[in-house]
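In: okay, sequence plus prediction incoming.
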Amino acid sequence: DLAGCVVAVPVVSPAGVRRNARHTYYGDEDPNRHFPDADHESARPPALQERIDTRLYEAIVGGNGVGDGDRNAGDRSGDGRSGDDRNVDDRVSADALIDCHTAGVASEPFAIRDRVLYGDRRTEREAEQLAGRLEAIVDAFGFPTLTEYPAAEYVEETLQRSLAGAVLNEAGIPAFTAELGAHSVVDDRLAAGGVAGTMGVVVELGLLDEASIPERVGVPGDHVDPAPVEFPVRRYRGPVTDAAGLVRHRVEAGESFEAGDVLASVVAANGASKEPIRAEHDGYVIARAEGLAVYEGDPITSLAIRDDGELVVPRERGDEGE
């Protein structure tokens, strides 16, 4: 009954799985920040992680390579072969990508929608069309949705070189990240929600008729709680503490708050209070930061905060600051 093909890549980072860690044993940098970016320049040959990420990227995007979003830009693999030699233009490119992850401590499930950048890659009108296609599949996935960081922070964090960021903003293919709960564990309920969400995307793309979905799959709402707020939200790492000590969280993951509410307290080893950490925005808690001890400048939570920003933004705003 399937009109098309669904490709699953169960293990993108075998070295990370072997270590049960995000980072691999051949590099101490985030492996999800080395996907192709036509603006990235380096005088050194591509490192191993860049080569791995480039091969995965090319397998996904096919003929939609690095550059202007609709054709391969030649030798980007670091192996000395041209795009024509690899026949990448003859490959079928994906219509959409769901990049499945897990997030922080006690994390709530959510989908991350990147902002669509325009400029050298595409016009503002093309970016708006791409954003519309992206929104359709994110809505079909059915998880609470967080928009990615503002453009300046997005580029500063090199999220345009994440898998979903590169596939979306380089190749022009709708792509988003699904966060299926806390890291280091498998939550069967949220895994089932991810399956239901994927089926929703498959139906949205016209690969399968809704009547063909097994009843046992259900819909994401059967497995995932709705967002506790009704306004649009974006990702936010913070607030940060100005005092070192032990952190005591006062708001659980999944609970909403208003600006000024106390989210956590920093205390001394004997329990004496050192600093209350207050919310700077309205929103809800996604997850806690890793660890018991905090130091000056450390973020204490991962939040979903109110977002009135644009979903389509000029790329130079990220390069120069908003």
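Out: Good, I have the coordinates.
In: wait, what's in contact with the nearest residue to Glu148 once chain neighbours are set aside?
Out: Nearest residue to Glu148, sequence neighbours excluded (C-beta to C-beta, 6 or more residues apart in numbering): Asp114, at 4.6 Å. Every residue, glycine included, has its C-beta placed from N, CA and C. Applying C-beta atoms under 8 Å, 6 or more residues apart in numbering to Asp114 gives the contacts Leu134, Thr147, Glu148, Tyr154, Leu159, Ala164, Gly165, Leu168, Asn169, Ala175, Phe176, Thr177.
In: how near is Asp114 to Gly165?
Out: 5 Å (C-beta to C-beta, to the nearest Å).
In: who touches both of the two?
Out: The contact sets of Asp114 and Gly165 overlap at Glu148, Tyr154, Leu159, Ala175 (C-beta under 8 Å, 6+ apart).
In: isn't Glu280 right up against Pro239?
Out: Yes - between Glu280 and Pro239 a contact is recorded at 5.6 Å, counting by C-beta atoms under 8 Å.
In: those two: which is more packed in?
Out: Pro239 (17 against 14; other C-beta atoms under 10 Å).
In: dump the residue contacts of that one.
Out: Contacts of Pro239 by C-beta under 8 Å, 6+ apart are Leu263, Ile277, Arg278, Ala279, Glu280, Pro299, Ile300, Thr301.
In: strands along the stretch 51-200 of the chain, start to end?
Out: Assigned by DSSP state E, counting those that start in this stretch, the stretch 51-200 of the chain shows strands spanning 97-103, 110-113, 116-118, 145-147, 175-182.
In: in terms of mean pLDDT, which of those ranks lowest?
Out: Out of the strands of the stretch 51-200 of the chain, strand 116-118 stands lowest, with a mean of 92 (criterion: mean pLDDT).
In: what packs against that one?
Out: Under the contact criterion of 3 or more C-beta pairs under 8 Å, 6 or more residues apart in numbering; DSSP states H and E, strand 116-118 touches helix 124-141, helix 163-169, strand 312-314, helix 315-320.
In: take these and write them to TSV, including distance to Val195.
Out: Formatted as TSV, those follow (distance: least, C-beta to C-beta, whole Å):
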stretch	distance to Val195
helix 124-141	11
helix 163-169	19
strand 312-314	31
helix 315-320	34
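In: okay, now the unreliable bits of this structure?
Out: In the predicted model of the chain, residues 64-90, 317-322 satisfy pLDDT under 70.
In: the residue positioned nearest the centre of it: what's it in contact with?
Out: A centroid search over the chain (C-alpha atoms, centre = their mean) returns Thr177, at 4.0 Å, as the residue closest to the centre. By C-beta under 8 Å, 6+ apart, the contact set of Thr177 is Asp99, Cys100, His101, Ala111, Ile112, Asp114, Ser162, Leu163, Ala164.
In: pretty sure the last one is touching Leu97, no?
Out: Yes - the criterion here is C-beta under 8 Å, and Ala164 meets it with Leu97 at 6.4 Å.
In: list residues touching both of these two?
Out: Going by C-beta under 8 Å, 6+ apart, residues that sit against Ala164 and also against Leu97 are Ala175, Phe176.
In: those two: which is more packed in?
Out: Ala164 (26 against 21).
In: relative to Phe176, how far out is the more buried one?
Out: Applying C-beta to C-beta, the value for Ala164 to Phe176 is 6 Å.
In: next one: Ile305
Out: Distance of Ile305 to Phe176, given as C-beta to C-beta: 19 Å.
In: those two: who's more crowded?
Out: Phe176 (25 against 21).
In: hang on, the earlier thing: out of the helices and strands packed on strand 116-118, deepest packed?
Out: Ranked by mean neighbour count, those are led by helix 163-169 with a mean of 27 (mean count of other C-beta atoms under 10 Å).
In: can you name the residues in contact with that one?
Out: With C-beta under 8 Å, 6+ apart, helix 163-169 has contacts from 12, 32, 35-37, 53, 56-57, 60-61, 94, 97, 99, 112, 114, 116-117, 121, 130, 134, 148, 154, 159-160, 173-177.
In: give me the nearest residue to Arg234, chain neighbours excluded.
Out: The spatially closest residue to Arg234, leaving aside those adjacent along the chain, is Asp307, at 3.6 Å (C-beta to C-beta, 6+ apart).
In: wait, isn't that neighbour in contact with Glu148?
Out: No - checked against C-beta under 8 Å, the pair Asp307 and Glu148 is beyond contact range at 9.8 Å.
In: all the helices of the stretch 1-150 of the chain, residue numbers only.
Out: For the stretch 1-150 of the chain, helices defined by DSSP state H, counting those that start in this stretch occupy the ranges 14-19, 48-61, 83-86, 124-141.
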